[in-house]
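**Q** Structure, please.
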Amino acid sequence: MLSSSKTIKKFMNSFIIFLIAAVLLHTASASDLSASYKAISGDVVQGTGSYATFTLTIDNSANAKKTVNIRTLDSLDWNVVVEPSLSNRVDINANSEGSFLLRVSEVKRSGVYAKNLGTYKLSLIVESGDDKITIPVYVNVISRDSLITRSYQPDIIAKDELLTTKIDPREKPNLKVSLQNMNLRNITRIDITVTSQKNSIYQTGTTSLGPLESKVVDFSLNFNPDEAPKTDILMVRVETKGDDDQIYPKAQPEPIPFEIVEYSTVIRDTKVDDYFMKKETTITVYDDGNVNKDAQVKVETGLFERLFTTTTPKADFVSEDGQHFFVWNLELKARDSSGKLDTRVLVVTNNYRPLFVIFLALVAMVIFYYIFRSPVLVRKDVSKILTKEGGIAGLKIIIHLKNRSNRTVENLKVVDRIPSITEVEKDFEAGTLKPSSITKGRTSISVNWEIASLEPFEERMITYHIRSKLSVLGGFDLKHAVVKYIKKNGQEVIITSNNIDLSQKIFE
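**A** Numbers count the residues shown, from 1 in each chain. Predicted structure coming up:
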């Protein structure tokens, strides 16, 4: 019982000493450098590894900037962290002072926090070059049970981490906000605000922390997909209100520089409309990006196809590796701030209707030809050419008639003319049709035949011989033969044969 009383008395004495140390303002100075601290919450809860917190003020009265290092001589027992700092190094401008958050926690021994209840003094060293200050800092190790009737101001450590600093605004980069409750206070509401220096983003969130709880809050950052490329700084603000109506924590997460990167995606939508002997391809092109983009659009074609193809607007025609293309070179603008796209519409029209019209015309011409062509063909030829003293003395004339239609042609008259220097021989070959009349004119002799009819597809050959009164050197021309007949509608049809140049026949 006596031992228990002594323990309680010892704890009370230690606690009173701690209270006095927490209330008093401790100050030390060395030449141009001075430092002081004030307890915020000097308690370390036994066995938890929690922090005791203090406000550390450092004054530089020199006319030059100083880099100050903060450490402890009791580093085997206590960890000392200064926020904000770089490895517990801080810069103090000339004739200025800086205020920092000092956190002190117990060092583990054999994997556990082994400090007994009581008040402990550690020596805090504040130094810059030859200037060195030693400040005694008192830390009270208390039990969990002793906290039941005590009230704490919020003590939160907040850190932020952006997983990527090169941000495509179409994506949703992850921001992690790490929160640690450094005492046994239950913090029911913590507001987190995410902003940027250039107003690229604004998002908020709310969370809570239980006693000594640690938590990571994830934010999927929602940037405007059309955000222009830029460099910016992300700022995270963590806030909760204490019983003194102050906003905590005092040390906010570090700002994070980031960059909105440029991207450009050329979107090409194609629509094909098919009509009779015509195809219309509509290509819609736009830049779904945040920077302007030069784009080339190609549509494959062929040399023959090109003859029947038009493009709107006019495209260039190029050949590459044996292939042929219509090509447009476009300068596409990025989506503007209102979301409007720079859309280009390209139209390729393959129109084979003119080819179809030409085909129909050819078919019509063939049909009209067969409908309106003469049903009778007549061809004139010669054979058995007799020569005397180098000139033509006589020959055989052949007139070939053919009915190439499927209907009978009636009452045909055939007229052939020979030069007046010749005469028709009276002897006709057996089986040939004799002339109905022979009429002598001033310059020519007409030989006439009358044929009652030519049956469908019937062929008939008329032959006769002529002789020259004189030997004709170099030959002479035989004019075409003429066939005449009257159609049923009373229309007269005249068909002529070919001419014959006998001078060529002699040399053949």
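
**Q** Can I get the helix or strand containing S208 as PDB, trimmed to CA atoms?
**A** In the assignment (DSSP states H and E), S208 maps to strand 202-209. What follows is strand 202-209, C-alpha atoms only, in PDB (Å, rounded to 0.1, in the frame of the first residue of the first chain):
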ATOM      1  CA  TYR A 202     -11.900  21.900 -57.600                       C
ATOM      2  CA  GLN A 203     -13.000  18.900 -55.600                       C
ATOM      3  CA  THR A 204     -14.100  18.300 -52.000                       C
ATOM      4  CA  GLY A 205     -14.500  15.400 -49.700                       C
ATOM      5  CA  THR A 206     -15.300  14.700 -46.000                       C
ATOM      6  CA  THR A 207     -14.000  12.000 -43.700                       C
ATOM      7  CA  SER A 208     -13.400  11.300 -40.000                       C
ATOM      8  CA  LEU A 209     -10.700   9.800 -37.800                       C
END
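
**Q** Give me the buried positions along it.
**A** For strand 202-209, the neighbour count (16 or more other C-beta atoms under 10 Å) marks T207, L209 as buried. C-betas here are computed from N, CA, C, even on glycine.

**Q** Point me to the residue sitting farthest from the middle of the chain.
**A** For the chain, the residue at maximal distance from the C-alpha centroid (C-alpha atoms, centre = their mean) is K426, at 95.0 Å.

**Q** The strand holding S208 pairs with which strands?
**A** Paired with strand 202-209 in the same sheet, following DSSP bridges, are strand 187-196 (antiparallel).

**Q** ok now the partner strand, how far from the chain's centre?
**A** Taking C-alpha atoms, centre = their mean, to the nearest Å, one finds the center of strand 187-196 at 39 Å from the center of the full chain.

**Q** Can you name the residues that contact the residue nearest to E429 when sequence neighbours are not counted?
**A** Nearest residue to E429 in three dimensions, chain neighbours excluded: T463, at 5.7 Å (C-beta to C-beta, 6 or more residues apart in numbering). By C-beta atoms under 8 Å, 6 or more residues apart in numbering, the contact list for T463 reads K396, I397, I398, I399, F428, E429, T432.

**Q** what do you get for P249?
**A** P154, D155, I156, I157, A158, V238, T240.

**Q** any idea which of those residues is closest to E280?
**A** Distance to E280 across these (C-beta to C-beta) is lowest for V238, with 60.3 Å.

**Q** that older thread, mind checking the pLDDT average for the strand holding S208?
**A** Taken as a whole, strand 202-209 carries a mean pLDDT of 95.

**Q** Could I get the full set of helices for the protein?
**A** With DSSP state H as the criterion, the chain has helices at 2-23, 303-306, 353-372, 502-507.

**Q** Now the weakest link among those helices, please, by mean pLDDT.
**A** Minimum mean pLDDT among those: helix 2-23, a mean of 47.

**Q** How much space separates the closest residue to N329 other than its chain neighbours from R306?
**A** Excluding its sequence neighbours, the residue lying closest to N329 (C-beta to C-beta, 6+ apart) is Q296, at 5.5 Å. The gap separating Q296 from R306 is 19 Å, by C-beta to C-beta, to the nearest Å.

**Q** Give me the more crowded residue out of those two.
**A** R306 (14 against 10; other C-beta atoms under 10 Å).

**Q** hmm, who's touching stretch 164-174?
**A** So stretch 164-174 is contacted by 162-163, 218-227, 256-261, 263, 290 (C-beta under 8 Å, 6+ apart).

**Q** show me what contacts the residue lying closest to A35 once chain neighbours are set aside?
**A** Nearest non-adjacent residue to A35, counting by C-beta to C-beta, 6+ apart: V126, 4.4 Å away. Contacts for V126 (C-beta under 8 Å, 6+ apart) come out as A28, L33, A35, I58, V68, N69, I70, K132, I133, T134, I135.

**Q** Buried ones among these?
**A** Among these, the ones that count as buried (16+ other C-beta under 10 Å) are A28, L33, A35, I58, V68, N69, I70, I133, I135.

**Q** what's the most distant pair in the residues you listed?
**A** A28 and N69 (15.2 Å).

**Q** Between the contacts of P249, which sits nearest R335?
**A** V238 (34.5 Å).

**Q** isn't the closest one right up against I187?
**A** No - taking contacts as C-beta atoms under 8 Å, V238 lies outside contact range of I187: 10.7 Å.

**Q** Mind listing the shared neighbours of the two?
**A** Common neighbours of V238 and I187 (C-beta under 8 Å, 6+ apart) are I156.

**Q** what are the bridge partners for E450, then?
**A** In beta-bridge terms (that is, DSSP bridges), E450 pairs with K413.

**Q** wait, it sits on L412?
**A** Yes - using C-beta under 8 Å, E450 makes contact with L412 at a distance of 7.4 Å.

**Q** Looking at these two, which one has more neighbours?
**A** L412 (22 against 12).

**Q** which residues does E97 contact?
**A** Going by C-beta under 8 Å, 6+ apart, the list of residues near E97 reads T57, I58, D59, N60.

**Q** Show residues contacting stretch 320-334.
**A** Counting by C-beta under 8 Å, 6+ apart, residues outside stretch 320-334 touching it are 226, 228, 264, 266, 285-287, 289-303, 306, 309, 311, 313, 315-319, 342, 344, 346, 348.

**Q** so what's the residue nearest the centre of the chain up against?
**A** By C-alpha atoms, centre = their mean, the chain has its centre lying nearest to V266, at 2.8 Å. Residues in contact with V266 (C-beta under 8 Å, 6+ apart) are V285, Y286, D287, D288, G289, K293, A295, L332.

**Q** out of those, who's nearest S214?
**A** G289 (40.9 Å).

**Q** Neighbours of that closest one, how many?
**A** G289 - counted by other C-beta under 10 Å - has 21 other residues nearby.

**Q** What of D130?
**A** By other C-beta under 10 Å, neighbour count at D130 equals 8.

**Q** Distance of the closest residue to it other than its chain neighbours relative to H480?
**A** Closest residue to D130 apart from its sequence neighbours, by C-beta to C-beta, 6+ apart: S31 at 8.0 Å. With distances taken as C-beta to C-beta, S31 is found 138 Å from H480.

**Q** Pull out the buried residues from stretch 222-233.
**A** Quick answer for stretch 222-233 (16+ other C-beta under 10 Å): F223, D226, E227, D232.

**Q** hang on, I meant stretch 413-431
**A** V414, V415, D416, R417, I418, P419, T422, E423, V424.

**Q** Could you do stretch 495-503 as well?
**A** I495, S497, I500, L502.

**Q** Likewise for stretch 75-84?
**A** Those buried within stretch 75-84 under the rule 16+ other C-beta under 10 Å are W78, V80, V81, V82, E83.

**Q** Then stretch 275-284?
**A** Under 16+ other C-beta under 10 Å, the buried positions of stretch 275-284 are T281, I283.

**Q** try stretch 108-127
**A** Y113, K115, G118, T119, Y120, L122, L124, V126, E127.

**Q** Which of those residues sits closest to F100?
**A** V126 (10.5 Å).

**Q** For S96, see how far away the closest one is.
**A** 15 Å.

**Q** and what of K314?
**A** 70 Å.

**Q** ok, these two, which is more surrounded?
**A** Ranked by neighbour count (other C-beta under 10 Å), K314 and S96 place S96 first, with 14 against 9.

**Q** partners of the more buried one in the sheet?
**A** Bridge pairing for S96 - DSSP bridges - gives N60.

**Q** Can you give the domain ranges for the chain?
**A** 2-147, 156-260, 267-354, 374-507 (automatic domain parsing).

**Q** so can I have JSON lines of these showing distance to A364?
**A** Output for those, formatted as JSON lines (distance: least, C-beta to C-beta, whole Å):
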{"stretch": "domain 2-147", "distance to A364": "94"}
{"stretch": "domain 156-260", "distance to A364": "60"}
{"stretch": "domain 267-354", "distance to A364": "15"}
{"stretch": "domain 374-507", "distance to A364": "19"}
